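K.L.:
everything below, folded, please.
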Amino acid sequence: QQEQQLQQDQQQEQQLQQDQQQEQQLQADQQQQGCPASAMAPPPLLGLGLALAAAAGNNLGKGLQKAATRHLPQLDLSHSEVVLAYLSNPTWLLGLLLDVGGGGAMLGALASAPVSLVQPVAAFGLVLLAGFSHFVLQERLGSSQWRGAALAALGIVGMGISSSSSSSSSSSSEALTTAAAGQPPAAAAAAAVPSPG
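P.N.:
Down below sits the predicted model:
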């Protein structure tokens, strides 16, 4: 039994060494191709930017569509001339394109950043919509609505700042992991422990 245990331990150690060699080879290949491992995953700021673009597209698109409906008949899908009037109106079409484009940008945002970051940023679209409604559509907003828009804008700025700092700390931890690769497990564990002070 001791011999079997010894053989199993040796096999596990050999497998671990093979895995480390494969990982080192993969990193070397990526560096030769000019794409280090840290470049493989998109930074959260890309996702936040896409989320902002999505929020702007969705909400400004809806605002433009509402502005266009002031000069269009009430939508009735059973009358083809009404549908054609909407489809031939440049403002309404631009709003539709922005809205659909915002949906595509949201898909990219969700693929590039955690939903816990993307969803609050998407709320920034309400700030844009509030401003658009007031200045373009001439709709009156109350003081509580303006305060809510201001708080939402401050929240977005705070999220951008915190995302930037977390992105830089994750890249430094990746560098530490890369430096520890290829060392024995005890040395790698020692390298991962922060020094006191």
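K.L.:
what residues are up against residue 53?
P.N.:
Contacts for residue 53 (C-beta atoms under 8 Å, 6 or more residues apart in numbering) come out as 102, 105, 109. (Each C-beta comes from the backbone N, C-alpha and C, glycine too.)
K.L.:
which of those residues sits closest to residue 12?
P.N.:
Comparing those against residue 12 with C-beta to C-beta picks out residue 109 as the nearest, at 41.9 Å.
K.L.:
give me the pLDDT value at the closest one.
P.N.:
The model reports residue 109 with a pLDDT of 92.
K.L.:
that one: which element?
P.N.:
Secondary structure assigned from DSSP states H and E places residue 109 in helix 90-112.
K.L.:
do the same with residue 127
P.N.:
For residue 127, the enclosing helix or strand under DSSP H and E is helix 124-135.
K.L.:
name the residues that touch that helix?
P.N.:
51-52, 54-56, 58-60, 62-63, 102, 139-141, 145-146, 148-149, 152-153, 156.
K.L.:
do stretch 71-86 as well
P.N.:
68-69, 89, 92.
K.L.:
let's see 10 Å
P.N.:
For stretch 71-86, contacts defined as C-beta atoms under 10 Å, 6 or more residues apart in numbering pick out 65, 68-69, 88-89, 91-93, 96.
K.L.:
reformat those residues as a markdown table; add neighbour count and distance to residue 46.
P.N.:
As requested, those are exported to a markdown table (neighbours: other C-beta atoms under 10 Å; distance: C-beta to C-beta, whole Å):
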| residue | neighbour count | distance to residue 46 |
| --- | --- | --- |
| 65 | 20 | 28 |
| 68 | 19 | 32 |
| 69 | 16 | 35 |
| 88 | 10 | 37 |
| 89 | 17 | 34 |
| 91 | 16 | 31 |
| 92 | 21 | 31 |
| 93 | 15 | 29 |
| 96 | 18 | 26 |
